[in-house]
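**Q** I would like to see how this sequence folds:
(one chain, ligands or ions: 2)
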Amino acid sequence: MKRLGGVKLSHHKNTENCSSQKLPVPEKVRIPMSMHIGAPCSPVVKIKDIVQVGQKIGDTDAFMAVPIHSGVSGTVTAISDYRMSNGRTCKMVEITTDGEQSVSPEVKVPEVTDKDSFLKAIRQSGLVGMGGASFPACVKLAPKQSVDTLCINAAECEPYITSDYRQMVEAPDEVIDGVRQVMKWLSIKQCIIGIESNKPEAIRILKEKASSYPEIKISVLPCTYPQGAEKVLIYNTLGRIVMEGQLPADQGVIVMNVSSVAFVSRYLKTGMPMVQRMLTVDGDAIKNPCNVIVPMGTPVADVLNFAECEIDKVKKLLYGGPMMGMSIQDINDPVLKANNAILAMKKSQSPKSSACIHCGRCIQACPLDLMPPQICKAYEGKDVEALQKLKVMLCMNCGCCTYVCPAKRPVAETNQFAKAMVMASAKK
Ligand code: SF4
Ligand code: SF4
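**A** Residues are numbered from 1 along each chain as shown. Ligands and ions are numbered 1, 2, ... in the order given. Below is the predicted model:
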């Protein structure tokens, strides 16, 4: 089968053999009331309240949202405003920890007997897409369309990040059980797990674990970034094309990240909601690259100290990988549900860009066959109609075009501005 393209990157999987470790309980956590796409929660605790691990501290009636829970025990010492990456604000609950890590009586194994009770449990768990998307899982798992395939994103195609890999090799039974639970309660017939070929140990273990379940297949994929992007993964594993304006469910597919599906298994067995996550800490400013399990809301500074970061030398600090990661503005910013990595680099690459030389490399690199130079021209000319014809809304900000551009032009960034222009014109 023809596969969608992309670019070859150096993997830098320096932490692939680093077993997960638990971060010591931080002195304080600051938990934003929005760690998901959709409506922010409101705090359901107040200053001076005593909270315990697993206790709900924020919720909302909104459809596109999930509740927020505490990953520490301690006292609520502040409720303030927090500026999110999209520029909007939400409330943030600060908890000063007591070091006890006492577990809340609210933590109970959910009673799941059918699809509705499963979806209700998934909402209560606070699960969002753990691969970086932060989409509420309870919404993703309840499409109106009929779905026949669960596609698991185990590609982990961004350089440096190995937290999904550690999940697969350290607890593969959670992955397979999570897959089976989702398939069972949503009546999905088949599952395909897409893994890049640079993870032979994970491939071997999962193939062995899945061998008793013919409905679960492992698809070994070439190491081509962005193999884990939803549209790319669906095409490369199933040959189905998610058209412009469509969702994966329109092609009969639900895509879940491998760590998310493993969380489903843990939650259904323990009732402990999403209060912590594993993330990779790496980069040339990190002396002790590692995979570390961190309570939500932990200051990035605590994680950097644990990994022996040379903080005074850091020029670039990212949530996530080097291709799609987002800048961390302040080292006291919190770890969020979708953060699968923190990267600390000594160099900040801000190359001087020059005029487009019309080499076409960005077009060749784009997995979705978009035309970045034409998009740029239409954007500069404020030509919304042309942008729509050029299908700019398909752009997934994967960064392949920027990566290959010899003129060092901010190609993907321009596409994001162009998308914003199209969306703004649609609202008029
Ligand atoms: S145009 Fe968009 S989808 Fe295509 S390579 Fe660039 S960022 Fe990726
Ligand atoms: S890769 Fe850069 S220089 Fe080449 S066509 Fe694209 S934008 Fe222009």
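**Q** ok, the residue lying closest to Gly54 once chain neighbours are set aside to Pro334 distance?
**A** Residue nearest to Gly54 in three dimensions, not counting chain neighbours: Val107, with 3.8 Å by CB to CB, 6 or more residues apart in numbering. (Each C-beta comes from the backbone N, C-alpha and C, glycine too.) Using CB to CB, to the nearest Å, we find Val107 at a distance of 22 Å from Pro334.
**Q** swap in Gln167?
**A** Gln167 is 22 Å from Pro334, by CB to CB.
**Q** likewise Gly178?
**A** In this view, Gly178 and Pro334 are 26 Å apart by CB to CB.
**Q** just the strands from the stretch 101-250 of the chain, written as ranges.
**A** Counting by DSSP state E, counting those that start in this stretch, the stretch 101-250 of the chain has strands at residues 149-154, 190-196, 216-221.
**Q** output the contacting helices and strands for the last one.
**A** Contact partners of strand 216-221 among helices and strands, from 3 or more CB pairs under 8 Å, 6 or more residues apart in numbering; DSSP states H and E: helix 172-186, strand 190-196, helix 200-210, helix 230-238.
**Q** confidence score at whatever residue of the stretch 101-250 of the chain ends up closest to ligand 2?
**A** Nearest residue of the stretch 101-250 of the chain to ligand 2: Tyr225, at 16.1 Å (CB to the nearest ligand atom). At Tyr225, the pLDDT value in this model is 96.
**Q** cool, and Met1?
**A** What the model reports for Met1 is a pLDDT of 51.
**Q** list the residues that contact the closest residue to Val242 other than its chain neighbours.
**A** Counting by CB to CB, 6+ apart, Val242 lies nearest to Lys231, which is 4.8 Å off, once chain neighbours are set aside. Neighbour list for Lys231: Leu4, Ile241, Val242, Pro367, Leu368, Leu394, Met396 [criterion: CB atoms under 8 Å, 6 or more residues apart in numbering].
**Q** of these, which are in range of ligand 2?
**A** Near ligand 2, taking CB under 6 Å from any ligand atom as the test, no member of the contacts of Lys231 is found.
**Q** for the stretch 201-350 of the chain, what spans make up the helices?
**A** Along the stretch 201-350 of the chain, counting by DSSP state H, counting those that start in this stretch, helices occupy 230-238, 258-270, 300-306.
**Q** quick revisit: which of the contacts of Lys231 are buried?
**A** Leu4, Val242, Pro367, Leu368, Leu394, Met396 (16 or more other CB atoms under 10 Å).
**Q** which residue in those has the weakest pLDDT?
**A** Minimum pLDDT across those is recorded for Leu4, with 69.
**Q** now the residue sitting nearest the centre point of the chain. Nearest residue, chain neighbours left out?
**A** Closest residue to the average C-alpha location of the chain: Gly132 at 1.4 Å, with CA atoms, centre = their mean. Spatial nearest neighbour of Gly132, chain neighbours left out: Ala338 (5.2 Å); criterion: CB to CB, 6+ apart.
**Q** list the buried residues for the helix or strand hosting Ala426?
**A** Counting by DSSP states H and E, the element that carries Ala426 is helix 411-427. With burial defined by 16+ other CB under 10 Å, the residues of helix 411-427 counted as buried are Val411, Ala412, Thr414, Asn415, Ala418, Lys419, Met421, Val422.
**Q** thought Met324 was touching Gly132, still the case?
**A** Yes. Under the criterion of CB atoms under 8 Å, Gly132 makes contact with Met324 at 6.8 Å.
**Q** overlap of the contact sets of those two?
**A** Counting by CB under 8 Å, 6+ apart, no residue touches both Gly132 and Met324.
**Q** farthest-apart pair in the buried residues of helix 411-427, please.
**A** Spanning the widest gap among the buried residues of helix 411-427 are Val411 and Val422, at 16.8 Å by CB to CB.
**Q** just confirm Thr385 is within a helix.
**A** For residue 385 the amino acid is Glu, not Thr. Yes. Secondary structure of Glu385 (DSSP: H, G, I helix; E, B strand; the rest coil): part of a helix.
**Q** ok, it - contacts?
**A** Contacts of Glu385 (CB under 8 Å, 6+ apart): none.
**Q** next, count neighbours for the nearest residue to Pro289 once chain neighbours are set aside.
**A** In space, Pro289 comes closest to Asp282 once its chain neighbours are excluded; the distance is 4.3 Å by CB to CB, 6+ apart. Neighbour count for Asp282, taken as other CB atoms under 10 Å: 27.
**Q** tell me the domain ranges of this protein?
**A** Taking automatic domain parsing as the domain assignment, the ranges for the chain are 20-107+273-345, 115-270, 361-427.
**Q** how about those domains, which one is nearest His12?
**A** With distances scored as CB to CB, the stretch of those nearest to His12 is domain 115-270 (4.4 Å).
**Q** I'd say Asp164 and Met256 touch.
**A** No. Checked against CB under 8 Å, the pair Asp164 and Met256 is beyond contact range at 11.5 Å.
**Q** one step back: so for the residue nearest to Val242, what's the pLDDT?
**A** Looking at Lys231, its pLDDT is 94.
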